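J.: dropping the sequence and predicted coords here.
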Number of protein chains: 4
Amino acid sequence: MHGYTDDKDAYLKRLRRIEGQVRGIARMIEDDKYCIDVLTQVSAATKALEAVALGLLDEHLKHCVTEAVAEGGAVADRKVAEASAAIARLVRS
Amino acid sequence: MHGYTDDKDAYLKRLRRIEGQVRGIARMIEDDKYCIDVLTQVSAATKALEAVALGLLDEHLKHCVTEAVAEGGAVADRKVAEASAAIARLVRS
Amino acid sequence: MHGYTDDKDAYLKRLRRIEGQVRGIARMIEDDKYCIDVLTQVSAATKALEAVALGLLDEHLKHCVTEAVAEGGAVADRKVAEASAAIARLVRS
Amino acid sequence: MHGYTDDKDAYLKRLRRIEGQVRGIARMIEDDKYCIDVLTQVSAATKALEAVALGLLDEHLKHCVTEAVAEGGAVADRKVAEASAAIARLVRS
């Protein structure tokens, strides 16, 4: 059971839409669409992915990290360190 | 003919791979994989999209903007303004 | 007492350096330095600020959020929600 | 003469303000302000720096790159390549 488990269907729906956005970008390139219009769609897909990541992170903090912290000890320290590393990757991507 | 036209196949290959990455993220969620591992893949897909955008932008500057600037006048101004707006969207996504 | 309190001097030192970087960028503009060189310094100062933010966030999770979660209840929920909102601002800045 | 030369005073004013924001962040840390409030100010200073960078880039494209492209040849290619590299640094910072 993870933080996102209750929202699984919503995440799968969002990811299917992002998959469709990426396919749409490929079609635009196949159809020789104007670069700026393609770039606009790439920025939109990037934002959609970012929103999925922020949602997953929020739920990870609320569930997995919170449960581990309630237990305390080394498990808690590791979970917090993992979350911080994931945040850094997200900020730098 | 756009900046990316000569590299069309390379872009289509990269986009198919990103599409696969997004499908892979969905599968991880279906399979209840650990949040941090899912987040790592989302950051990877975001970076891959970002690299596609930077490539498209570079080629847009090299071809479309350069051609328009060589022509001069209002067309050039508009192309540069469009490029700047696309850069801002990319920086803020 | 906050997460960063033990590292106060280190943060103040880093912030003084960033202040110096921003002053340096201003001097470059006063001295009509080449745009690309100025931009390189702006990216460097932005990265330095980002690193300060990631450090503060890590320590906030380790101390403030962890302490609140150990207490449990509404305080914990609010601290986690605050942290998530701060992460989102950081990702989008 | 660079793209930003005409707006020098405006840039210097903005940079002084950012310098003040960074000093303000240091003061918040000295005064043991709450981590989340400090993070909010760091995100604000980061966004302000980003806006300076986008302005400089826009003017660089409008002036330096456009002038070089009008000249044509190797100078133009180098200016466009430089601009693309600066954009990539900005996107990844």
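T.: Everything's here; your move.

J.: going forward, measure contacts and count neighbours with C-alpha atoms only.
T.: Fine.

J.: can you tell me the SS state at residue A:33?
T.: Judged by DSSP: H, G, I helix; E, B strand; the rest coil, the three-state class of residue A:33 is coil.

J.: next one: the one 3 residues further on
T.: Secondary structure, three-state DSSP: residue A:36 is helix.

J.: for chain C, what's the nearest residue on chain A?
T.: residue A:91 (4.7 Å; CA to the nearest CA).

J.: residue numbers of chain A in contact with chain D?
T.: A:92-93 (CA under 8 Å from any CA of the partner chain).

J.: helices of chain A, start to end?
T.: Ranges of helices in chain A, per DSSP state H, are A:8-30, A:35-60, A:66-71, A:73-92.

J.: what angle do the second one and helix A:8-30 make?
T.: Inter-element angle recorded for helix A:35-60 and helix A:8-30: 160 degrees (by axes from the mean of the first three to the mean of the last three CA atoms, to 10 degrees).

J.: now the last one
T.: Per the same axes, to 10 degrees, the angle that helix A:73-92 makes with helix A:8-30 is 30 degrees.

J.: buried residues in helix A:73-92?
T.: Judged by neighbour count (16 or more other CA atoms under 10 Å in any protein chain shown), helix A:73-92 contains these buried residues: A:76-77, A:79-81, A:83-91.

J.: that one close to chain B?
T.: Yes: using CA under 8 Å from any CA, helix A:73-92 reaches chain B at A:82-83, A:86, A:89-90.

J.: now the longest one
T.: Yes: where contact is defined by CA under 8 Å from any CA, part of helix A:35-60 touches chain B, namely A:35-36, A:39-40, A:42-44, A:46-47, A:49-50, A:53, A:56-57, A:60.

J.: and which of the residues you listed is nearest residue C:26?
T.: residue A:43 (31.0 Å; CA to CA).

J.: name the residue closest to the centre of chain A, please.
T.: Nearest residue to the geometric centre of chain A (CA atoms, centre = their mean): residue A:53, 2.1 Å.

J.: who's in contact with that residue?
T.: Neighbour list for residue A:53: A:90, B:39, B:42-43 [criterion: CA atoms under 8 Å, 6 or more residues apart in numbering or on different chains].

J.: relative to chain D, which residue of chain A is the closest?
T.: For chain A, CA to the nearest CA, closest residue to chain D: residue A:92, 6.4 Å.

J.: near the nearest residue to residue A:23 once chain neighbours are set aside, how many other residues are there?
T.: Excluding the flanking residues, the one nearest residue A:23 by CA to CA, 6 or more residues apart in numbering or on different chains is residue B:19, at 6.9 Å. Residue B:19: 22 surrounding residues under other CA atoms under 10 Å in any protein chain shown.

J.: hang on, isn't residue B:19 packed against residue A:15?
T.: No: proximity of residue B:19 to residue A:15 does not meet the contact threshold set by CA atoms under 8 Å, at 10.0 Å.

J.: hmm, residue A:6 and residue A:59 touching each other?
T.: No: at 9.9 Å, residue A:59 does not count as touching residue A:6 under the criterion of CA under 8 Å.
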